[in-house]
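Undergrad: Any chance you can model this:
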Amino acid sequence: MKRTCERESLKERRGERGSVLAISTFGMLAFLLATGLCIDISHFYLVRGELQNAADAAALAGATALNSDDGGITKAADYAIESLNKYEFNKKGVTIPRSNVLFAKNLNGPYVSETTAKGQAKDIRFVQVVIPPAAVSTTFAAPVLGAARNVTADATAGMSVSLNKFCDWIPLSAIDSDGVFFVPGQTYTIRAAPGNKVSPGNYQILAVDGPGGKDVRESLAGGVKNCVGAGSIVPTKPGVTAGPVRQGLNTRFGDYGGGLDADDYPPDENVQEDINYQQYLDAQQAIDSDKTPASGTFESPNRGVPTRGRRVVLIPIIRESEFDNGRDDVRIDRFAAFFLQTKVDNGNGGDIKAEYIGIRTVVGRGGFDPSGGATSPELTIPVLYR
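TA: Below is the predicted model of the structure:
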């Protein structure tokens, strides 16, 4: 009886060998499918991240062009598309239709087309880039995920809040006659020739990056290296310093001297003198639209690689009562953006005339110091919001 039971038990165990193999096979298949699913999902997230980076860069590039003018809207769309085209997505270039670059007055919208935004240019503060869905093929988990999955991304950038700390400004000072504010569109003498000084020995030059003429020349050509804010105390540089002032500022018009080079200090793309800021913007808009600018409003530089916006400069505003005789320390009241209308004349130091812009525009670099001085509501930097 015992042997009979043993034989039957042995037969049952032999009969289970096929089921163990089947279970092992299905288990291995499930494991491989799960592994493939993880690989494909990780690939989707990687591609999605790359696409989001492209959208972020495009939105930020577009935001740098915003300047409260319809030409800035055109250039914002150009910059966004150009930036996006530098990226590759799934081994292919990323491209979007121009209609996928949108604009808004407020962060939460509504977002409108480029054409509509041009009619509201003075209020436009945000740029949104929407990348349409693109198919990413699955490699291992097609039975579960399908042959491909659509991936998309969008990003919004725009003007920052008002700032009170700035970099890359020029070491001259616009004089505020103790409370008399500048008027948008008006032209002011930013630095007067000898005989029109604010106090004996001072000609509105600041010695922030160094006390010498070489320091002034390079700072006027490329911007002050030190970032300072409203309320900061900075030293003045006494003396006319005519040569360094002329050589530094005139690089922005494609005129080089004093050892300065066009590779380091490129000219503006429009070096036409005796035009105002609106004419400058209109000429830019015409060029961007493949049209001919109005007569007498545009001239290309004859050397260097042109850079848009070099004639727009940040200048600290200082109250006249701050200045004293000779080398002095003065307090910056606030900053403002000015447009350089003309080069500096030859000789012992001519007037520097610049137009106060006074409308909301994006400048290079800056920030906000909660313990700092007054903000400049019209000056912003590009910020990625979402």
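Undergrad: What is the burial count for residue 99?
TA: 11 (other C-beta atoms under 10 Å). From N, CA and C alone the C-beta is placed, and that goes for glycine too.
Undergrad: oh sorry, the question was meant for residue 239
TA: When counting by other C-beta under 10 Å, one arrives at 16 neighbours for residue 239.
Undergrad: Repeat that for residue 370.
TA: Neighbour tally, residue 370, other C-beta under 10 Å: 5.
Undergrad: Residue 262 now?
TA: Neighbour count of residue 262, defined by other C-beta under 10 Å: 16.
Undergrad: Identify the residue spatially nearest to it, adjacent ones excluded.
TA: Excluding its sequence neighbours, the residue lying closest to residue 262 (C-beta to C-beta, 6 or more residues apart in numbering) is residue 304, at 3.1 Å.
Undergrad: surely the one you found meets residue 260?
TA: No. In this structure residue 304 lies outside contact range of residue 260 using C-beta atoms under 8 Å: 10.6 Å.
Undergrad: Show me the common contact partners of the two, please.
TA: Contact criterion C-beta atoms under 8 Å, 6 or more residues apart in numbering; no residue bridges residue 304 and residue 260 by contacting each.
Undergrad: low-scoring stretches of the chain, by residue?
TA: Scanning the chain for pLDDT under 70 picks out the ranges 1-45, 88-93, 135-149, 178-180, 192-197, 199-200, 347-350.
Undergrad: how about the residue nearest to residue 262, secondary structure?
TA: coil (DSSP: H, G, I helix; E, B strand; the rest coil).
Undergrad: Show the contacting residues for it.
TA: 254, 262-263, 266-267.
Undergrad: Out of these, flag the one nearest to residue 129.
TA: residue 266 (27.3 Å; C-beta to C-beta).
Undergrad: and that closest one, how many neighbours does it have?
TA: Around residue 266 there are 21 residues (other C-beta under 10 Å).
Undergrad: What distance do you get for the most centrally placed residue in the chain to residue 262?
TA: The residue lying closest to the centre of the chain (C-alpha atoms, centre = their mean) is residue 64, at 3.7 Å. Using C-beta to C-beta, to the nearest Å, residue 64 is found at 22 Å from residue 262.
Undergrad: Kindly report the same for residue 158.
TA: Taking C-beta to C-beta, one finds residue 158 at 33 Å from residue 262.
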